[in-house]
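>>> Predicted model, plus sequence, below.
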Amino acid sequence: MKIFLTIIFLAVCVGLVILVLMQEGKSAGLGSIGGIGDTYWGKNKSRSMEGNMVRFTKILAAAFLIIALGLNMIPDRQKSTTASTAPAAVETEAAQAQTEAAQTEADAAGQETEA
C-alpha cells in the first residue's frame, strides 16, 4: 500500500511541477488599477486554458498534501520491527557481559583462596 501511494505521490509531484512551470505570470501591472484588465479574456478566464491549468494545479496541490499526510501516517514495517528487536538485542548482550564478568570475578576469587 505504501509503495503504491509513493508512486502516486511522485506522479503528483512531477505533474505539479510541470503545471506550475507552464503557467504565465500574474503581473497585470498598473493596468489592473484602472480596470483595463476587465477584458473578454479576463472575465472568461475560468473557461480558458489558463483557467483550467489553475484549477488543475489546485487539485494537484490538494492531492499532494493529502497523500503526504497519508504517507506520514502509515507505519513503516522495517522501522517497527527493527525498533522492537534492537533493545532486546542490547539487553541480551549486556546480560551476557555481566554474566561473563561475574564468572571472571568468581574464578579470580577461587584462585586467590586456593593460593
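Thanks, I have the structure now.

>>> mind giving me the domain ranges of this protein?
1-24+35-74, 78-115 (automatic domain parsing).

>>> For the shortest one, the averaged confidence score.
This points to domain 78-115. The pLDDT scores in domain 78-115 average 67.

>>> Next: the longest one.
Averaging pLDDT along domain 1-24+35-74 yields 86.

>>> how long is it end to end?
Taking C-alpha to C-alpha, to the nearest Å, the first and last residues of domain 1-24+35-74 lie 9 Å apart.

>>> these two touch, right, residue 50 and residue 25?
No - taking contacts as C-beta atoms under 8 Å, residue 50 lies outside contact range of residue 25: 11.1 Å. C-beta here means a position set from N, CA and C on the backbone, and glycine is covered the same way.

>>> So for these two, which sits in the more crowded spot?
For the pair residue 50 and residue 25, the greater number of neighbours falls to residue 50 (14 against 5), based on other C-beta atoms under 10 Å.

>>> which residues does that one contact?
23-24 (C-beta atoms under 8 Å, 6 or more residues apart in numbering).

>>> Going forward, count from 860.
Will do, 860 is the new start, and the previous item becomes residue 909.

>>> That one is in what secondary structure piece?
Using DSSP states H and E, residue 909 maps to helix 908-932.
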